[in-house]
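In: 3D, please:
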Amino acid sequence: MTRPLRFNAFVMHTNSHIQHGHWRRPDARQVDFQDVDLWIDLARLLEDAKFDAMFFADVTGLYGDADADFEVYARHGLQIPSHDPTVLLGALAVSTTDLGLALTSNVAQNHPFNFARQVSTLDHISRGRIAWNIVTGTQDNGARNFGLPQLTDHSERYRWAQEYVDVVYKLWEGSWDDGALLKDKERGIYADASKIHKIYHEGPRYRVEGPHLPSPSPQRTPLLFQAGSSASGRRFAAANAEATFIIAPSPAIAKRQIDETRALAVEYGREPDDITFFQGLSFIIGDTEIEAHEKAEEYERYASTEGYLAHSALVDKTGRVYDPKTPLKDIDTNTARGFLSWTSQAVTDREPLVEDVALISRRSSRVVGTPDQIADRLVEWQAAGIDGVNVVNWVLPGSFEEFAEKVLPVLRERGLAQSEYAPGPLRQKLFGSPLLNERHPAARYRGAFAHGATTWAEADDLRAQGLLPAAV
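Out: Predicted structure coming up:
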C-alpha cells in the first residue's frame, strides 16, 4: 500500500535562502521578506494545500571568512539581512490552525532555560504545532557574535548540543508532573507545587536549577528535527531526532545515510522508524516535458553562480576560505562535513573540488518535469527510504502556489500526499501521539524529579545516590 509522503515548505526569513539570484525575478516577493503579510499569506496558502509544516532555516552570522569583506553576501541579500524566525512564528501560529511551524535555533545563540520557555510559549500559542531544528552552528562569525573566539570543534559542538538538549528535556518533560495545573477557583489553588520540580542540572556547560516556568504545552517537547549529516551529526540524530533533514545528491546516497542512521537508532534503544527523513528538493514544473526544460533554461538566466559559491564557501580550522579549485581530499574543516561526504560520493569520474559542493547542491536536488514525471521521481526517492520532502522555493510565494496547484493533485491521486490533516498537535498528526514515545531519551525524565530536594546540596546527595539524573 502506498503511504503518503510528508511535505514541508523549506524557507528562511531572508531575501536569498537557497536558490540564489532568483530574488531578481519579477514574480519574486521575497525581496519584501520583512513584510509579515507575505508570511501570513504564505502560511495560509500552505495550510490550504495541506502541507505538513513550514520549516524555517536560520543562521546567526555571516558565511565564509569571518575576517573578509562580506560585500557579496550583502549585495545578494544572501542571509543578510535576515530576521529571527522564532518571533515570526507567533504571528503565523495565530493565523493558522493545522500547519506545523518549525524553527531553527543553534545551541550557542540562546541559553537552554530561556529557549525552553520560548518554545513552550509558542507551543501553547499554536496549540501544539511547534518543531525545533537542532543545529550546532556553521559560521565563525556566528560563534564570535556570542563571545567565542571561533567555531567550536565539530565533535565538541555535538557534545555541547547533547548537554543542551538534556537540559531542555528535563525542563519540558520532568519539571511539571501531569495534573500540576489545577486552575481551581473554589479552593484558590492555581497550580499544585508538590507536582512542580526543580531539575538541579549541573554539567560541563550549564548549571540550571529550574523549575520550568511554563506549564506543560500540548506536546511538552516540540517535534525534534535535526540536520547534521556528518558522523557526529548522524549519531546525534540517531539518539535525539524524530525527523532528519537531508539534501543528498541522489536516492542511492540518501539510502546509505538513512540506513546507517536508522541502524544507529537501534543502538540507542530506539526503533528504526522512530526517525523520519525529509529530502530537500526544488521543482521546475511544466505542463509538458518541453515546457519544463524551457523553464529550467529560463531559471538558469537568473541563477547566481557567485551566490551559490559564496553560500557553499568552506573554511579551514583557522577560518580562512578554501579556493574553489581545492581538492576535497585536502579539506580540513569544522563544518559542512556531510556536504563534503555527499559531494565526494557523487563525483566519481574525477577528483572532486570545493566548487563541486556548490554545483552539486545547485543541480542534483532539483526535479524538472511534468507533474506525473515529478511524481515518478518522488516514488524513487521514497523507495530509497525518505518519508517526506522539504520543498525548496525559487520564489515566494509562486513556487509553492505552482506546486500546490499542479503537483499535489497528482500526488493525491497516487496516494502520495495527504488530502486532510489528522487531528491534534503536530506530533500526533505525524506519529499518532502528542508526546514523545517512551523510547526517546527525554522520556526518562518523566517523574525523575519528584525527589523533594530543595537545595543544591540535597540535589548533589541524591545524585550521588543515583536518585537524581546526572548530566549526560
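
In: and residue 24, how many residues sit next to it?
Out: Close neighbours of residue 24, defined as other CB atoms under 10 Å, add up to 15. In this view, the C-beta of every residue, glycine as well, is placed from N, C-alpha and C.

In: contacting residues for it?
Out: Counting by CB atoms under 8 Å, 6 or more residues apart in numbering, residue 24 touches residue 302.

In: so it versus residue 16, what's the distance?
Out: Separation of residue 24 from residue 16 (CB to CB, to the nearest Å): 10 Å.

In: list the contacts for residue 6?
Out: Per CB under 8 Å, 6+ apart, neighbours of residue 6: 52, 276, 278, 387, 388, 389, 430.

In: any idea how far residue 5 is from the nearest residue to it once chain neighbours are set aside?
Out: Sequence neighbours aside, residue 388 is the residue nearest to residue 6 in space, at 3.0 Å (criterion: CB to CB, 6 or more residues apart in numbering). As judged by CB to CB, residue 388 and residue 5 stand 5 Å apart.

In: how about the strands in the protein?
Out: Using DSSP state E, the strands of the chain run over 6-12, 53-57, 100-106, 130-135, 181-184, 189-191, 201-202, 207-208, 223-226, 243-246, 276-285, 366-369, 388-392.

In: do you know which of those strands lies nearest residue 456?
Out: Among these, the nearest to residue 456 by CB to CB is strand 201-202 (7.9 Å).

In: can you name every helix or strand that the closest one contacts?
Out: Using 3 or more CB pairs under 8 Å, 6 or more residues apart in numbering; DSSP states H and E as the contact test, no helix or strand touches strand 201-202.

In: just give me the neighbour total for residue 23.
Out: For residue 23, the neighbour count with other CB under 10 Å is 24.

In: JSON lines for the contacts of residue 6, including neighbour count, pLDDT and distance to residue 372?
Out: Output for those, formatted as JSON lines (neighbours: other CB atoms under 10 Å; pLDDT from 0 to 100; distance: CB to CB, whole Å):
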{"residue": "52", "neighbour count": "28", "pLDDT": "98", "distance to residue 372": "23"}
{"residue": "276", "neighbour count": "19", "pLDDT": "97", "distance to residue 372": "25"}
{"residue": "278", "neighbour count": "26", "pLDDT": "98", "distance to residue 372": "23"}
{"residue": "387", "neighbour count": "19", "pLDDT": "98", "distance to residue 372": "22"}
{"residue": "388", "neighbour count": "22", "pLDDT": "98", "distance to residue 372": "20"}
{"residue": "389", "neighbour count": "26", "pLDDT": "98", "distance to residue 372": "17"}
{"residue": "430", "neighbour count": "21", "pLDDT": "97", "distance to residue 372": "27"}
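
In: for those residues, work out which two are farthest apart.
Out: 389 and 430 (14.0 Å).

In: from what I see, residue 96 and residue 48 are in contact.
Out: No: using CB atoms under 8 Å, residue 96 is not in contact with residue 48; the gap is 9.9 Å.

In: between these two, point out the one with more neighbours.
Out: Applying other CB under 10 Å to residue 96 and residue 48 shows that residue 96 carries more neighbours, namely 19 against 11.

In: which residues sit in contact with the more buried one?
Out: Going by CB under 8 Å, 6+ apart, residue 96 touches 43, 44, 47, 129.

In: so residue 50 sits against residue 420, correct?
Out: Yes: between residue 50 and residue 420 there is a contact under CB under 8 Å: 6.8 Å.

In: more neighbours, those two?
Out: Legend: neighbour count by other CB under 10 Å for residue 50 and residue 420, higher for residue 50 (18 against 7).

In: need the nearest residue in space to that one, chain neighbours excluded.
Out: Excluding the flanking residues, the one nearest residue 50 by CB to CB, 6+ apart is residue 418, at 5.4 Å.

In: show me what contacts that neighbour?
Out: Here residue 418 is in contact with 4, 50, 52, 412 (criterion: CB under 8 Å, 6+ apart).

In: and what of residue 184?
Out: Applying CB under 8 Å, 6+ apart to residue 184 gives the contacts residue 190.

In: do residue 23 as well
Out: By CB under 8 Å, 6+ apart, the contact list for residue 23 reads 15, 16, 30, 31, 76, 77, 395.

In: returning to that earlier point: compare the strands of the chain and give me the one nearest residue 142.
Out: Going through the strands of the chain one by one, with CB to CB as the measure, strand 100-106 comes closest at 7.5 Å.

In: let me know the average pLDDT across that closest one.
Out: The average pLDDT within strand 100-106 is 97.

In: paired strands for it, with orientation please.
Out: In the sheet, strand 100-106 lines up against strand 53-57 (parallel), strand 130-135 (parallel) (DSSP bridges).
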